[in-house]
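*Asks:* Below are the sequence and a predicted model; questions follow.
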There are 2 protein chains.
Amino acid sequence: MASLRFVFLFLLISFSASAQKDYKLWLQYNAVSNSALALEYKNNLKGIVVFGNSETIKIAQKELQTGFQDMLGTIPEIKSEIKGENNLIIGSQSNLNVEIKNELKSDFDKISTEGFIIKSFSFKSKKQIIITGKNDVAVLYGVFNFLRILQTNKSVKNLNIADSPKTNIRILNHWDNLDRTVERGYAGFSLWNWQKLPDFIDQRYLDYARANASIGINGTVLTNVNANALILTPQYLEKVEALANVFRPYGIKVYLTARFSAPIEIGNLKTADPKDTQVINWWKNKAAEIYKRIPDFGGFLVKANSEGQPGPQNYGRDHVDGANMLADAVAPFGGVIMWRAFVYSEHDANDRAKQAYAEFQPYDGKFKENVIVQVKNGAIDFQPREPFHPLFGAMPKTPLMMEFQITQEYLGFSTHLVFLPKLFQEVLESDTYQQGKGSTVAKVIDGTLYQNKLTGIAGVANIGNDLNWTGHPFAQANWYGFGRLAWNPYLDSETIADEWLKSTFSNDENFIKPVKNMMIESREAVVNYMTPLGLHHIMDTGHHYGPGPWVSNLSRPEWNPTYYHKADKNGIGFDRSKTGTNATAQYAPEVERLFDNLETCPEQDLLWFHHVSWDYKLKNGQTLWNGLALKYQEGVNQVNEMQNVWKKTEKYVDSVRFHEVEMLLEIQYKEAKWWRDACLLYFQQFSGKELPTGVEKPTQTLDYFKSLKFPFAPGNG
Amino acid sequence: MASLRFVFLFLLISFSASAQKDYKLWLQYNAVSNSALALEYKNNLKGIVVFGNSETIKIAQKELQTGFQDMLGTIPEIKSEIKGENNLIIGSQSNLNVEIKNELKSDFDKISTEGFIIKSFSFKSKKQIIITGKNDVAVLYGVFNFLRILQTNKSVKNLNIADSPKTNIRILNHWDNLDRTVERGYAGFSLWNWQKLPDFIDQRYLDYARANASIGINGTVLTNVNANALILTPQYLEKVEALANVFRPYGIKVYLTARFSAPIEIGNLKTADPKDTQVINWWKNKAAEIYKRIPDFGGFLVKANSEGQPGPQNYGRDHVDGANMLADAVAPFGGVIMWRAFVYSEHDANDRAKQAYAEFQPYDGKFKENVIVQVKNGAIDFQPREPFHPLFGAMPKTPLMMEFQITQEYLGFSTHLVFLPKLFQEVLESDTYQQGKGSTVAKVIDGTLYQNKLTGIAGVANIGNDLNWTGHPFAQANWYGFGRLAWNPYLDSETIADEWLKSTFSNDENFIKPVKNMMIESREAVVNYMTPLGLHHIMDTGHHYGPGPWVSNLSRPEWNPTYYHKADKNGIGFDRSKTGTNATAQYAPEVERLFDNLETCPEQDLLWFHHVSWDYKLKNGQTLWNGLALKYQEGVNQVNEMQNVWKKTEKYVDSVRFHEVEMLLEIQYKEAKWWRDACLLYFQQFSGKELPTGVEKPTQTLDYFKSLKFPFAPGNG
């Protein structure tokens, strides 16, 4: 390896000696190389006419200037009024002149408050393009979407787009601690430099806001769900206020996590009982204090009575009591409470997968209207693959918010290339059958299944202070894809990959086609080399880095991988069917039947729902043991194929990013083999069978793999 | 403040939306705006002829190409042989052809192994410029120095430079922990991404090496002096090896900190006694293991029996025993041991300032020849001002290495603009009188006073993973200045400021003159608003952020600010004269007399050496109390003046850096007032006197200042 790394040295030294391109994310604004298209753009963009002068509109105008300068090499003339033809007009509805407003009346009827219109139209018989919406932030969204048309080399000749986000709250959850460590963060440390705030505004805060606005994200929770009450003290609120001021013109609201015991820790009260008058008043006053500083403060995200966090149950109250008390505090100011359903009892080791449903489903209809329950996509914890969470569709009178994890806690940290929109899409397309066929998770989330007014999608951020933001250049696609799916949960992940690749690297089809395919395949690859056929949570403990199926010594049973795979001489898998924990009964009957029956259960979820004998015949005729081993090998092969694809892209990609990805794929390949070998050697102890033909022999012993320790693995708590 | 910050928003949004310039440090290579000069450069640089093909030479060639492209807009033709005139020839002595070698014979006699020659000369009657040295790294140094000539807009017409570094070891000490926190780090977190090493080579490692090579730094200690033994395990040594491979072509050797108890912690031994055979062998084997991976490994830096670190005294041995045992282990491979003299006993609270001298001076002559004793510039701990350490000059038979602190632990973190080369120069120019007048610290350090072969200067790095490397754009100047002074401890800090400003910002004299002056003044400003007249170590405890003269409750007496200022009704200051602790007796008689006598003691060191009554008359006729108060005020005024200077530079500086510095100066001004008010209110309790005319009244009470808490201040441990 040493010599290989040495060879890289020279390739890596770019003339500018900087990682500039990495930093620019999907806003590269590469020069349009197709000259016919560049001409079309220039001909259709002779001038820019701006209505309005808010901070937001100025940002929109500058963004257009930046984009045109970089993509077309020229900035259209900025005009103070509409003169001549082929101008680009931007401005929100109320700032437009009456003629245009009338002309676009029916278009405005099609969009929501945050929606935008991009339209070619005639004004006084002259052809123009307009970008508008009901407020300036909507115009900004339109501007970024218009620039994306150029970035993806589409025509601007006959535009007629009216697009509105399908969810209200499109939000990043930063699990960032006040000491700038990031729980489950693999891209450096927290962006928030609390020490220098409020008086020093890091350029990066602006670039962060801009990137989020470009994909329609409109909220950010600055602090870890494992919360520290100090963030609610004036010393820190002043800093939060400064960030809110930076983010506001980009349409991004700030939210905080509320530590339930804050009234004790920073309020000098003796209790945090949500029924206690002093506690109720403390939170009301705290909310008023926050809203005085930040009038558009979004609200609180709360992890309560989960994994050691304090909550209403400490006082004999329940989640409804806790959530509603906080909801009352923020309601006068329009705030919301995002209350997490990620709970599992330390006193019930029967089946962790059942507990969130068991606890929360009975609360349906009991929450105040500004409470939204935030549910992880699956019932365990952000695994490479999980069946959709049974709560989706099961609480018709309660708004449910999706919680995806963008940071790759269980999917190879920031060293593995895994395109997550493929995973997100699989969840969103899952049919809950709760209102009959077609009751997809997406319809629960966007509120159309039960006509919820409050809707949202949260993503646990993969953003840190690495130069490239996300540690892995391709992990930028997961941030991008999350934002796009939060805007429209029905988007296809292939479309997202296509947009992202073109905006980030190149429009050359010789590059796009194979690399897009590589991205799409990447999610199945990680499932195969980590947890095929429904296996889950067999990562090493604590840091979750690498395989640890042998771990069985942790204090709580459900923290041990052995709890999840239950491998023994008879077979492997967690029986959640009616012969087991009956977790399947938490789904609608159609889904329950599907999962419960070994014959109909999708093989991708087999060991999630069933304990299956080593000799069980899979649909392809292989035994379970052979099939499992071959899946592990397939995952390794897929990564090797990803390497082959990437190697051919050198001429389309700048040298820094090319080599970054090349090195990371090499690590991924090494680690995929580690996963395969460690898991198969371990499970082989129970199956007692040889590896089938086609599976490479491990080069190390099981004891070797068990001996590996990673005391400083990042993101651990 | 909120509204002010808001106004910044737009100014901050640069079109490239990046902090690119910040990242480029002093290697901006701005286009030469003086057209006559640009023409001169082009006329004298028609071609580049390269002798040699090592990695280092390739780096040198690329650097020239980058520099010429950016500064002149063109890259001279790369020629395979010397044809025509006005070529730039680069290559090391052994790779040059015989004629040139002969031509330069007397020049080569002038330089050391690491020295370089830049010379205009005639070759076959044609004018050429040559950059050469005795090896390729020396050539690289020459290349960076040649580029600096262009960066600072000097003529290249008649060059005749032969320059060699005056010290052997020019090294950064990174107090970086394996979890990437940085002790006393204020610029983000550690650059070393141990998780992704060895297989992922961050572009930043290359940029770091390049920046260091450009100023002649040739070593880096990767890990904290408060060491973790795990760095010496194969798992980590593989990662260290990868970094060594990256740094090698840039002439930078890697060093590690050795935890003295490592044989117990990772070697399974029962003792770390340096006289124990097993321990001796363990370290010999460990050294062999390291050198097998890294043949040019530099050696170990050791903090032993200091502030809780293990050491030879744990086993009844002394520092000589410990250092020599390690020295024997690395000697066969050419390694060195840098043994720190920063020790103070927990059992002797008499005068911490005396202890390093008392302990180490008697060891003079007892260390092995590959041991160098690393001494902090002053006897306490990196204060804004300290008299030079009495060990300098007092150990004629022992090589002493300077330890400066570039990171601003006690000087305002990375929010205060303080140009440290001014401080460094003051120390280096101090006369120890140990060999009569002119026995400056610089002569101790460069080995000329006692003819030491082994010499060195260490700087505790201020580098982190912030986009701009050092947190404050002007803190880059301290990294730069450290490197330049390590190369030549006799350089004037004004020259350094001039070079740095021109390479980093602009050659415009309207910019250079006032800003250089601001930099030069900045060190005295921080002394004035923090610790004037010889006060020291009155920072708040633990994190050392902000004033804490009242702190008196820590377990060890010498950790309390009250220990250092000793303010009472009678006066203030630490009596280290012969009426006190007699620390002055550790200096040569001439210096001892100077410091011991209240009349001759420089007022800048007054309260360092004397306890002085509040009514004592200063040289300017003011009472001590009034003079002290006015010094605090003067410090505040100086910062205010720095703000005024900076405000006028807007047209010379890019918007991002301009506003960064503007915001940081605003914080510095706020904190200077905090220092003034908190200290004066506190000391006023003892003096019982009113503030003199000209000193602004505090706007807060002493209790308010005492109540301030900073639980997440960075860099704390």
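*Replies:* Done, it's in. Just so it is clear, the structure is predicted and the values come from calculations on it, not from any experiment.
*Asks:* neighbours around whichever residue of the stretch 201-350 of chain A sits closest to chain B, how many?
*Replies:* In the stretch 201-350 of chain A, the residue that lies nearest chain B is A:Q203 (4.7 Å; Cβ to the nearest Cβ). C-beta: built from backbone N, CA, C; applies to glycine. When counting by other Cβ atoms under 10 Å in any protein chain shown, one arrives at 22 neighbours for A:Q203.
*Asks:* do the same with A:P234
*Replies:* With other Cβ under 10 Å as criterion, A:P234 counts 11.
*Asks:* And what about the residue lying closest to it once chain neighbours are set aside, helix, strand or coil?
*Replies:* In this structure, A:P234 finds its nearest non-sequential neighbour in A:E289, 7.6 Å apart by Cβ to Cβ, 6 or more residues apart in numbering or on different chains. Of the three states, A:E289 takes helix under DSSP: H, G, I helix; E, B strand; the rest coil.
*Asks:* and A:D328, what helix or strand is that in?
*Replies:* Per DSSP states H and E: A:D328 is located in helix A:319-330.
*Asks:* now the first helix or strand past that helix going along the chain against helix A:319-330, angle please.
*Replies:* Sequence order places strand A:336-340 as the next helix or strand after helix A:319-330, per DSSP H and E. Orientation check (axes from the mean of the first three to the mean of the last three Cα atoms, to 10 degrees): strand A:336-340 against helix A:319-330 gives 160 degrees.
*Asks:* and strand A:336-340, how far from the chain's centre?
*Replies:* Between the centre of strand A:336-340 and the centre of its host chain there is 17 Å, according to Cα atoms, centre = their mean, to the nearest Å.
*Asks:* got it, and stretch A:501-520?
*Replies:* Distance, centroid of stretch A:501-520 to centroid of chain: 21 Å (Cα atoms, centre = their mean).
*Asks:* Establish whether it and chain B are in contact.
*Replies:* No - applying Cβ under 8 Å from any Cβ of the partner chain, one finds stretch A:501-520 out of contact with chain B, separated by at least 14.4 Å.
*Asks:* got the contact list for the residue of the stretch 451-600 of chain A found nearest chain B?
*Replies:* Nearest residue of the stretch 451-600 of chain A to chain B: A:N465, at 6.0 Å (Cβ to the nearest Cβ). Listed by Cβ atoms under 8 Å, 6 or more residues apart in numbering or on different chains, the contact set of A:N465 reads A:A187, A:G188, A:F189, A:S190, A:L191, A:R204, B:G188, B:F189, B:N465, B:D466, B:L467.
*Asks:* same question for stretch A:185-199, mean pLDDT?
*Replies:* Mean per-residue pLDDT for stretch A:185-199: 98.
*Asks:* Stretch A:366-375 now?
*Replies:* 98.
*Asks:* Show me which positions of stretch A:22-29 end up buried.
*Replies:* Buried residues in stretch A:22-29, counted by 16 or more other Cβ atoms under 10 Å in any protein chain shown: A:D22, A:Y23, A:K24, A:L25, A:W26, A:L27, A:Q28, A:Y29.
*Asks:* pLDDT score assigned to A:S14?
*Replies:* pLDDT recorded at A:S14 is 40.
*Asks:* pretty sure A:Q638 is touching A:E521, no?
*Replies:* Yes - using Cβ atoms under 8 Å, A:Q638 makes contact with A:E521 at a distance of 6.0 Å.
*Asks:* who has more neighbours, those two?
*Replies:* With neighbours defined as other Cβ under 10 Å, A:Q638 and A:E521 compare such that A:Q638 has more, 21 against 16.
*Asks:* Nearest spatial neighbour of the more buried one, chain-adjacent residues omitted?
*Replies:* A:A525 (3.6 Å).
*Asks:* what distance separates the one helix or strand that neighbour maps to from the centre of its chain?
*Replies:* Per DSSP H and E: A:A525 is located in helix A:509-530. A distance of 18 Å separates the centroid of the chain from that of helix A:509-530, by Cα atoms, centre = their mean.
*Asks:* Count the residues that sit near the residue in the stretch 301-450 of chain A that chain B sits nearest to.
*Replies:* Nearest residue of the stretch 301-450 of chain A to chain B, counting by Cβ to the nearest Cβ: A:T415, 6.3 Å away. Neighbours of A:T415 under the rule other Cβ under 10 Å: 23.
*Asks:* and if you look at A:E524?
*Replies:* Neighbour number of A:E524 under other Cβ under 10 Å is 20.
*Asks:* which non-adjacent residue is nearest it?
*Replies:* Among residues not flanking A:E524 along the chain, A:Q638 sits closest, at 7.1 Å (Cβ to Cβ, 6+ apart).
*Asks:* what's near enough to touch that neighbour?
*Replies:* A:E521, A:S522, A:E524, A:A525, A:N528, A:Y529.
*Asks:* thinking again about what came up before, closest one of the contacts of A:N465 to A:G334?
*Replies:* Comparing the contacts of A:N465 against A:G334 with Cβ to Cβ picks out A:L191 as the nearest, at 26.5 Å.
*Asks:* Using the three-state scheme, assign the closest one.
*Replies:* From three-state DSSP, the assignment for A:L191 is coil.
*Asks:* Is it correct that it is in contact with A:R204?
*Replies:* Yes - judged on Cβ under 8 Å, A:L191 makes contact with A:R204 at a distance of 5.9 Å.
*Asks:* So the two - more neighbours on which side?
*Replies:* Counted by other Cβ under 10 Å, A:L191 and A:R204 do not tie: A:L191 has more neighbours, with 22 against 18.
*Asks:* give the contact list for that one.
*Replies:* Residues in contact with A:L191, defined by Cβ under 8 Å, 6+ apart, are A:H174, A:D176, A:D202, A:R204, A:Y205, A:Y208, A:I463, A:G464, A:N465.
*Asks:* what separates A:Q425 from A:S414, distance-wise?
*Replies:* Going from A:Q425 to A:S414 by Cβ to Cβ, to the nearest Å gives 21 Å.
*Asks:* and if you look at A:K42?
*Replies:* In terms of Cβ to Cβ, A:K42 sits 39 Å off from A:S414.
*Asks:* got the contact list for stretch A:68-80?
*Replies:* A:28-32, A:38, A:41-42, A:45-50, A:61, A:65, A:87-88, A:147, A:150-151, B:15.
*Asks:* If you count neighbours, what's buried in it?
*Replies:* Across stretch A:68-80, burial judged by 16+ other Cβ under 10 Å covers A:F68, A:Q69, A:D70, A:M71, A:L72, A:I75, A:P76, A:K79.
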